[in-house]
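J.: Got a predicted structure plus its sequence, pasted below:
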Amino acid sequence: MSFLDLPNETILQIAREQEFQDLNALLRTNRRLAHLLRTALIDNVCAIRAGQVCKRALYAAADRGDKEIVQRLLDRGVLEFVGDGALMNDAVMSVEEMGLKVLLDCGLDPETRDGEQQTPLSVASRHNRLKAVKMLMDDKRVDVNSTDRTGRTALSLAAGYGHVNVVRALLDDTRVDVNLSCKIPTTSAF
């Protein structure tokens, strides 16, 4: 009898006892197993509590447009393992635009801040990720005028790095305040 001829319940029981890498290999063998074992993989990923593995699983599901799996990962507490803080900041650099939309649609906060106190919009603007900038600006939860720890806005970052198309997109939004000035600390001559 082949493994695939076993009843689904038996396959699931076997899958729950596998290491993450072995379970991932089983998932790739055929579509039936991929569909059957995806919840077992999520359970396995969440059980090992490894931040990078959880983040890869979350990003892969988002890039596939699989809201059900993203939501299941979030419901299982994956943010506790990967850190909620700058996840979206990393996502604007790591996932495709569809994946970013899935993460936003599943409730991830678009106003998280990284170590520089930059929001995902600022990170996307700084790195010339035009589609991500537009998507974030379409989200009403995003403060288009937020500043980082030195007072830089998404607009000042895009302009400072010479990202003309991002600057244009930001200027097209009437909420963007072009008069905000940076509060970059100055050094005293004394």
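T.: Received it, and whenever you're ready, just let me know what you need.

J.: what pLDDT does A91 get?
T.: As predicted, A91 sits at a pLDDT of 91.

J.: who are the neighbours in contact with it?
T.: A91 sits next to 59, 62, 99-100, 103, 108, 120 when contact means Cβ atoms under 8 Å, 6 or more residues apart in numbering. Backbone N, C-alpha and C define where each C-beta goes, glycine included.

J.: hey, C-alpha coordinates of stretch 127-138 in PDB?
T.: Provided in PDB are the C-alpha atoms of stretch 127-138 (Å, rounded to 0.1, in the frame of the first residue of the first chain):
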ATOM      1  CA  HIS A 127      13.600  52.100  -1.100                       C
ATOM      2  CA  ASN A 128      11.600  53.200  -4.100                       C
ATOM      3  CA  ARG A 129       8.900  50.600  -3.800                       C
ATOM      4  CA  LEU A 130       6.300  52.600  -5.700                       C
ATOM      5  CA  LYS A 131       3.500  50.000  -5.700                       C
ATOM      6  CA  ALA A 132       3.900  49.500  -2.000                       C
ATOM      7  CA  VAL A 133       3.800  53.200  -1.400                       C
ATOM      8  CA  LYS A 134       0.500  53.500  -3.400                       C
ATOM      9  CA  MET A 135      -1.000  50.600  -1.600                       C
ATOM     10  CA  LEU A 136      -0.100  52.000   1.800                       C
ATOM     11  CA  MET A 137      -1.400  55.400   0.900                       C
ATOM     12  CA  ASP A 138      -4.800  53.800  -0.100                       C
END
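
J.: Can you add secondary structure and give the contacts of A91 back as JSON lines?
T.: Listed next are the contacts of A91 as JSON lines, based on DSSP: H, G, I helix; E, B strand; the rest coil:
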{"residue": "Y59", "secondary structure": "helix"}
{"residue": "A62", "secondary structure": "helix"}
{"residue": "G99", "secondary structure": "helix"}
{"residue": "L100", "secondary structure": "helix"}
{"residue": "L103", "secondary structure": "helix"}
{"residue": "L108", "secondary structure": "coil"}
{"residue": "P120", "secondary structure": "helix"}
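
J.: Out of those, who's the most crowded?
T.: Most neighbours among the contacts of A91, by other Cβ atoms under 10 Å: P120, with 33 neighbours.

J.: coming back round to it: now flag whichever of the contacts of A91 is closest to L36.
T.: L36 lies nearest to A62 out of these, by Cβ to Cβ, at 21.4 Å.

J.: separation between that closest one and T119?
T.: For A62, the distance to T119 (Cβ to Cβ, to the nearest Å) stands at 19 Å.
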